[in-house]
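S.K.: Got a predicted structure plus its sequence, pasted below:
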Amino acid sequence: MNSVFFDHATIDAWIAEDAPLLDLTTHLLAIGSLPARMDFTVRCDAVAACTEEAARVVQHCGGQVLRCLPSGTHASEGAVLLTATGNAASLLRGWKVAQNLLEYACGVAGATARMVEAVQAAAPGVVVLTTRKHAPGLRHIALKATLSGGALPHRLSVGETVLVFPQHRALLGDWDALQARLAAVAPAMAEKKCVIEAHSLEEALRAAQAGADVVQFDKASPAQLRQWCPLLRRQHPRLALLAAGGVNAHNAVDYAATGVDALVTSSLHHAPPADIGVQVVPA
């Protein structure tokens, strides 16, 4: 899965952050010139993610990649994600950068796959969407990891979709002002859908009246959504409904069964890392 683009400068920046000048241990032990082999192995069931970028890390350090399990592949305990050969200095320079990348990405991908599978079993057709709420600089990795697990992005940047939050409405004044503004800019939104966040049934109805194509419920409980969704479907059959705010592995199935079209979650970005071992041996 290479649908997310990582430029060469990004890969080199990761390497430079960890090994900008010298691997002192390898230098003092005088082992840098020895031919070696390095294997990255999962110690538990996992989903491969960012293996291609881990391979590029090794290659940028001077190693040669012999095996790379494609992102999105389910990997059983003991599976080898990546194998590389080269002189020890090259492999050891890329070692921790590649391992850290794989542990985070595979952990996120595995958690994503489990949530997607559970949601689909409970409510076929309900989609898991992941947000842009993660640490700055992590977007490419988080996106590829969640895609590898079967989720889709909710919103990659503020320039991608029209999403009206209460913070925007506060600056306009009231719902009537929002409705008037959306009507005025409707031609400019010909290829865009308008999403409006709501915290109650009343706000959802006002959002639909104001011109929302999609209502995104924030922190509504599954019990509330089970009551609200049928009513909204009857009054606004074309309105799409999203559940957001607090959706996680423990309650995703409950939210999926409420009648919404998709779940919006940030929790997957904070999944525990996968357990990945690294073996370096003489070639």
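M.R.: Cool, the structure landed. Numbering: from 1, shown residues only.

S.K.: Return the mean pLDDT over the strand or helix carrying residue 105, rounded to an integer.
M.R.: Per DSSP states H and E: residue 105 is located in helix 88-122. Helix 88-122 comes out with an average pLDDT of 98.

S.K.: can you check stretch 132-144 too?
M.R.: Average pLDDT, stretch 132-144: 94.

S.K.: From residue 24, how far off is the residue of the chain most remote from its centre?
M.R.: No residue in the chain sits farther from the centre than residue 30, which is 40.9 Å out by CA atoms, centre = their mean. According to CB to CB, to the nearest Å, residue 30 stands 12 Å off from residue 24. Quick note: C-beta positions are derived from backbone N, CA and C, even for glycine.

S.K.: Likewise for residue 44?
M.R.: 33 Å.

S.K.: okay, these two: which has more neighbours?
M.R.: Neighbour totals were compared for residue 44 and residue 24, and residue 44 leads with 14 against 8 (other CB atoms under 10 Å).

S.K.: That one against residue 272, yeah?
M.R.: No - Residue 44 lies out of contact with residue 272 (CB atoms under 8 Å); the separation is 10.5 Å.

S.K.: ok, back up a step: if I pick the residue farthest from the centre of the chain, what's in contact with it?
M.R.: By CB atoms under 8 Å, 6 or more residues apart in numbering, residue 30 lies in contact with nothing.

S.K.: Next one: it, what pLDDT does it get?
M.R.: 98.

S.K.: what's the neighbour count on residue 29?
M.R.: Neighbour tally, residue 29, other CB under 10 Å: 12.

S.K.: And it, how close does it get to residue 88?
M.R.: 9 Å.

S.K.: Quick one: the helices in the stretch 1-150 of the chain, in order.
M.R.: Under the criterion DSSP state H, counting those that start in this stretch, the stretch 1-150 of the chain contains helices at 8-18, 24-29, 51-60, 88-122, 139-148.
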